[in-house]
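>>> sequence? don't have it. structure:
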C-alpha cells in the first residue's frame, strides 16, 4: 500500500441540503398560490404583491446558498429569517382582521419553516431552537392572542427543526468517528507492511552480523554486540507503535519477490518468482502450466514463501531440507513449504509474538491476510514444520485489501517467529530451533 491512504469525507447531510432547496421553491409557489386564490379578500393586496415579489426573487436567487454547509453563511441565515419574520408581521396590514383572527395563513405561510430548517441543518438543534423562538414570537404578535392553531403550528415547526438539527449533529459526529477509524486502519496496515519489509531485510542482516561477529571475535564481536542492540531496539519500535506513514517510501519485497515489478495489470507467472528458491536442499514441485496471478499478489505470495524458507534455515539449520509444492486450483492457489527440522515447541509462537518477533505474524500470516488469504502452520516437535499458504483467486486484484481472514495454524496461536533471543550469538542450529 503506497503511502498513507486518503480518507474522503462523506457528505451524509448533502441530501438534506438538496431537499431544503426543493422545499423552499415549492413552499414559495404554495404561498403565492394561496394569495392568488384569496386576492379579493385582502385590504391592501398591493402590499402582499410587493412582498411576494421580494420572496420569489430571494428564494430563486439564493438557491446556491442552500447547496451545502459552506455556502450557507450566518449572514444569509439572518437575512432569510428576517424576510420570513417580516412577512408574518406584514400579514395584519395586508389582510383583513377577520381573516387574521379566524386563523388565516400568514403571507409566507409554510415557507417560514424552510428558514428555520436552514438553521437546523447549518448549526444543529440549538440554532434551530433559537430560530423557532423568534418565529413563535412573530406569530403571537401577528395574531394578538395565543390561539390554538397558532400554538399548534409553532410547536410542530419547533419539534421538526430541533429533531432535524439533532440528527445532523449525530451524522457529523459519526462522520468524524468513521474518518478517524479509517485513518487508524490505513496507518496500521502501512505499519504492518513496513514491519514485514524490515523483517525481510534489516532485522535479518543485523541478526547475521551479530552471529558472525560472535564467531569471529575481536572487534567483530563488539560490532556484533552493537548490531544485536540495534536489532532489539528496531523490533521494539516496529512492534510497539505506529510508524510515521506520511513520509514512508514505497518499498517492495526483497529477494525473488521483486521480480516483475511492473505494476500493470498483466498477470505474473508465480513459478518464475519461486524458481530462484530452488537449490541443493530446497526442492520445488510446480504445475506444468503457468500459475498466473496479479503482479502485487504474486510478489507478496513469493515473499511469504521466502520468509518461510528463512525460518527453515534459521531454526532448522543450513543442513535442513525443504520442499515447496505449488498447487493451482480453480478457486485458489496453494503453496506449501515443508521442512525436516525439529519442529516448533508448543506455545513458542505465542511467546515469540510477545517478544516482537515478526517472522510468522507479519511476514507470512500478515501478507496472506492482507491479500484476503490465510496461512496455516502445522508443526509437530521432532517431525518438521509445514506452512500452507492459500490465496483465493478473487484476491488477485493487484493490491492488498482489508477484511482478510486472520487464521492461524491448528493447535497454535498466531505469533511471531524469528528464532533467536536478543543478544545471543550461538551458531548451533538445533539450539536455535528450540527458541523459535
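Received the coordinates, thanks. Computed from a predicted structure; not experimentally measured.

>>> Give me the distance from the host helix or strand of residue 49 to the chain's centre.
Here residue 49, judged by DSSP states H and E, is contained in helix 45-61. Between the centre of helix 45-61 and the centre of its chain there are 49 Å (Cα atoms, centre = their mean, to the nearest Å).

>>> now it: mean pLDDT?
Regarding helix 45-61, the rounded mean pLDDT is 93.

>>> For that helix, name the packing helices and strands.
helix 14-37, helix 74-94 (3 or more Cβ pairs under 8 Å, 6 or more residues apart in numbering; DSSP states H and E). For every residue, glycine as well, the C-beta is placed using N, CA and C.

>>> cutoff 10 Å now
Helix 45-61 sits against helix 14-37, helix 74-94, helix 111-123, with contacts defined as 3 or more Cβ pairs under 10 Å, 6 or more residues apart in numbering; DSSP states H and E.

>>> Going by neighbour count, list what's buried in the first one.
Looking back up the chat, that one is helix 14-37. 16-17, 20-21, 23-24, 27-28, 31-32, 34-35 (16 or more other Cβ atoms under 10 Å).

>>> how about the strands in the stretch 201-350 of the chain?
Taking DSSP state E, counting those that start in this stretch, the strands of the stretch 201-350 of the chain run over residues 268-269, 282-285, 292-293, 322-328, 332-339.

>>> could you give the angle of the last one to strand 322-328?
Angle between the axes of strand 332-339 and strand 322-328 is 170 degrees (criterion: axes from the mean of the first three to the mean of the last three Cα atoms, to 10 degrees).

>>> quick revisit: to residue 311, which of the strands of the stretch 201-350 of the chain lies closest?
Among these, strand 332-339 comes nearest to residue 311, with 8.5 Å by Cβ to Cβ.

>>> could you check the distance from the nearest residue to residue 83 once chain neighbours are set aside over to residue 27?
Distances taken as Cβ to Cβ, 6 or more residues apart in numbering put residue 58 closest to residue 83, at 5.9 Å, once the chain neighbours are dropped. Using Cβ to Cβ, to the nearest Å, residue 58 is found at 13 Å from residue 27.

>>> again with residue 222
84 Å.

>>> got it, and residue 57?
According to Cβ to Cβ, residue 57 and residue 27 sit 15 Å apart.

>>> Please apply the same query to residue 289.
Distance of residue 289 to residue 27, computed by Cβ to Cβ: 69 Å.

>>> Repeat that for residue 86.
16 Å.

>>> swap in residue 133?
Using Cβ to Cβ, we find residue 133 at a distance of 21 Å from residue 27.

>>> swap in residue 16?
16 Å.

>>> Identify the bridge partners of residue 374.
residue 390 (DSSP bridges).

>>> And the pLDDT at it?
89.

>>> cool, and residue 431?
At residue 431, the model reports a pLDDT of 35.

>>> what's the answer for the one 5 residues further on, then?
Residue 436 carries a pLDDT score of 41 in this model.

>>> same check, this time on residue 197
The score at residue 197 is 63. That number is its pLDDT.

>>> Grab the most central residue of the protein for me.
residue 182 (2.5 Å; Cα atoms, centre = their mean).

>>> What is the end-to-end distance of stretch 364-382?
End-to-end span of stretch 364-382 (Cα to Cα, to the nearest Å): 22 Å.

>>> Ignore what I typed, I meant stretch 282-291.
End-to-end for stretch 282-291, by Cα to Cα: 20 Å.

>>> The residue nearest to the centre of the chain is in what secondary structure piece?
Using DSSP H and E, residue 182 falls in helix 148-198.

>>> Show me what that helix is packed against.
helix 14-37, helix 111-123, helix 125-143, helix 219-240, helix 295-311, helix 365-370.

>>> How far off centre is the first one?
Right, helix 14-37. Taking mean C-alpha positions (Cα atoms, centre = their mean), helix 14-37 and its chain are 39 Å apart.

>>> Please name every helix or strand in contact with it.
helix 45-61, helix 74-94, helix 111-123, helix 148-198.

>>> out of those, nearest to residue 39?
helix 45-61 (5.7 Å).

>>> For residue 392, give me phi and psi.
When read as degrees, to the nearest 10, the backbone of residue 392 gives phi -60, psi 150.

>>> who are the neighbours in contact with the nearest residue to it once chain neighbours are set aside?
Using Cβ to Cβ, 6+ apart and skipping residues adjacent in sequence, the residue nearest residue 392 is residue 332, 4.8 Å away. Contacts for residue 332 were tallied using Cβ atoms under 10 Å, 6 or more residues apart in numbering; they are 373, 389-395.

>>> In JSON lines, list the residues you listed along with neighbour count and distance to residue 65.
JSON lines is the format used below for the contacts of residue 332 (neighbours: other Cβ atoms under 10 Å; distance: Cβ to Cβ, whole Å):
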{"residue": "373", "neighbour count": "26", "distance to residue 65": "52"}
{"residue": "389", "neighbour count": "27", "distance to residue 65": "58"}
{"residue": "390", "neighbour count": "21", "distance to residue 65": "56"}
{"residue": "391", "neighbour count": "25", "distance to residue 65": "53"}
{"residue": "392", "neighbour count": "17", "distance to residue 65": "51"}
{"residue": "393", "neighbour count": "15", "distance to residue 65": "52"}
{"residue": "394", "neighbour count": "11", "distance to residue 65": "47"}
{"residue": "395", "neighbour count": "24", "distance to residue 65": "48"}
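
>>> thought residue 159 was touching residue 132?
Yes. Between residue 159 and residue 132 there is a contact at 8.7 Å, judged by Cβ atoms under 10 Å.

>>> Give me the more crowded residue out of those two.
Comparing residue 159 with residue 132 by other Cβ atoms under 10 Å, the one with more neighbours is residue 132, at 24 against 12.

>>> in terms of contact, does the more buried one touch residue 158 like I think?
Yes. Contact criterion Cβ under 10 Å: residue 132 and residue 158 qualify, at 3.8 Å.

>>> which secondary structure element contains residue 377?
Residue-wise, residue 377 maps onto strand 374-379 under DSSP H and E.

>>> Which strands and helices lie in contact with that strand?
helix 295-311, strand 332-339, helix 348-354, helix 365-370, strand 385-392.

>>> Tabulate those in a markdown table, adding columns for mean pLDDT.
Formatted as a markdown table, the helices and strands packed on strand 374-379 follow (pLDDT from 0 to 100):
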| stretch | mean pLDDT |
| --- | --- |
| helix 295-311 | 87 |
| strand 332-339 | 92 |
| helix 348-354 | 59 |
| helix 365-370 | 84 |
| strand 385-392 | 90 |
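
>>> Turn these into TSV, including distance to residue 82.
What follows is these, written out as TSV (distance: least, Cβ to Cβ, whole Å):
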stretch	distance to residue 82
helix 295-311	59
strand 332-339	67
helix 348-354	66
helix 365-370	57
strand 385-392	62
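
>>> Residue 41 is nearest to which of these?
Among the helices and strands packed on strand 374-379, helix 365-370 sits nearest to residue 41 (Cβ to Cβ), with 73.7 Å.

>>> Brilliant, that's me finished.
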